[in-house]
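>>> pasting a predicted model and its sequence here:
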Amino acid sequence: MDLAIEVSGLRKTYDKTHALRGVDLSVRTGSVLGVLGPNGAGKTTAVRVMATLLEPDGGTAKVAGFDVVKQPREVRRRIGLAGQNAAVDELLTGRENLVLLGKLLHLGRDGARGRAKELLERFDLVAAGDRPVGTYSGGMRRRLDLASCLVGHPQVLFLDEPTTGLDPASRQALWNTVRGLVDDGVTVLLTTQYLEEADYLADQIVVIAAGRVIADGTPDELKRKVGQEWLEVAVALPDRTPDALSVLGPLAVDTPTVDAEKGLVKLQLRDGMDGIAAAAVALRDAGVDVADFSLRRPTLDDVFFNLVGHPTDQ
């Protein structure tokens, strides 16, 4: 397997706080790894170690084939990093920010200008390219920040909670951009508190809590560990909930869960698709009117609640 990131037994301690307690993870070249975890889990510390901003106390980490401790310069030449706050100069224009970075990366004057033009077009910032960044919206700043990470054509991109604080439209635009980068062969490691973001972008997910990896797999694999899909029935008249429960109970694997006030019955069916049809017929024959009748599947929120007892803080 061609791996862009290989981490084994990574440890880091601040005073008496164990931020990382032997983290293992790997990322295939040209894929997205989503790193999830509650606040203080160690996600940002792991990213800072892999980006050569922190030296680990133990373990090893290789990025783009180079050791982050023994060969940090080689690693830095091949990575981009977008932190939780946009690292751009608000007094400069968007174009000036990108040109300056290009010159610092030894692209030359013409090369830096050409790369800036290319990235402004790619991130839909041409119209705002010659305006001071201080006039940009939050979404525009994040797009410029991401563009700045790509000036040097990185092989691996670290995104540490890149869409925090963005509105849904700006978040979706950034997601589409990240997917486009992966299609071009860039490897992405993404930390996020938005579970739908990981579900949409990540090929593989690692869950970290208290400095340890407590689960890993594809989004679908993690959801399957929580359980199978279930039928959720909302009764039109809550006082008919007992009737709904009496006809649905025999079709369930276990005792259904009931919210009498909301008129909601949840159950896992014995017979899959045949059970759905049987449930609908049973409710009709019992004269129970239904406001909603739907098959629900586990979400990453369910995975998080199952693993750490609560969803991520958002």
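Received it, and whenever you're ready, just let me know what you need. Numbers count the residues shown, from 1 in each chain.

>>> how about stretch 94-111 as CSV, C-alpha atoms only?
Provided in CSV are the C-alpha atoms of stretch 94-111 (Å, rounded to 0.1, in the frame of the first residue of the first chain):
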residue,chain,number,x,y,z
GLY,A,94,-5.2,38.3,-1.8
ARG,A,95,-2.9,38.4,-4.9
GLU,A,96,-0.1,40.0,-2.9
ASN,A,97,-0.4,37.4,-0.2
LEU,A,98,0.0,34.6,-2.7
VAL,A,99,2.8,36.3,-4.7
LEU,A,100,4.7,36.9,-1.5
LEU,A,101,4.5,33.2,-0.5
GLY,A,102,5.6,32.2,-4.0
LYS,A,103,8.7,34.4,-3.8
LEU,A,104,9.5,33.0,-0.3
LEU,A,105,9.2,29.5,-1.9
HIS,A,106,11.7,30.5,-4.6
LEU,A,107,9.3,30.4,-7.5
GLY,A,108,10.7,33.6,-8.9
ARG,A,109,8.8,36.8,-9.7
ASP,A,110,7.1,35.5,-12.8
GLY,A,111,6.5,32.0,-11.3
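
>>> what sits up against it?
88-89, 92, 112-113, 115-117, 119-120, 125, 128-131, 133, 136, 140, 144, 147-148, 151-152 (Cβ atoms under 8 Å, 6 or more residues apart in numbering). Heads up, the C-betas are built off the backbone N, CA and C, glycines and all.

>>> give me the buried entries from the residues you listed.
88, 112-113, 115-116, 119-120, 125, 128-129, 133, 136, 140, 144, 147-148, 151-152 (16 or more other Cβ atoms under 10 Å).

>>> could you report the neighbour count for Leu295?
Leu295 has 13 neighbouring residues, counting by other Cβ atoms under 10 Å.

>>> any idea what it is bridged to?
Beta-bridge pairing for Leu295 (DSSP bridges): Leu231.

>>> for it, give me its contacts.
Contacts of Leu295 (Cβ under 8 Å, 6+ apart): 229-232, 276.

>>> from those residues, list the buried ones, please.
For the contacts of Leu295, a neighbour count by 16+ other Cβ under 10 Å gives the buried set as 230-231, 276.

>>> could you dump stretch 43-53 to PDB, C-alpha only?
Output of stretch 43-53 as PDB, limited to C-alpha atoms (Å, rounded to 0.1, in the frame of the first residue of the first chain):
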ATOM      1  CA  LYS A  43      -6.000  16.100  17.400                       C
ATOM      2  CA  THR A  44      -4.200  19.400  16.900                       C
ATOM      3  CA  THR A  45      -1.100  18.100  18.800                       C
ATOM      4  CA  ALA A  46      -0.900  15.200  16.400                       C
ATOM      5  CA  VAL A  47      -1.200  17.500  13.400                       C
ATOM      6  CA  ARG A  48       1.500  19.800  14.800                       C
ATOM      7  CA  VAL A  49       3.900  16.900  15.200                       C
ATOM      8  CA  MET A  50       3.300  15.600  11.700                       C
ATOM      9  CA  ALA A  51       3.800  19.100  10.300                       C
ATOM     10  CA  THR A  52       7.100  19.400  12.100                       C
ATOM     11  CA  LEU A  53       5.900  22.200  14.400                       C
END
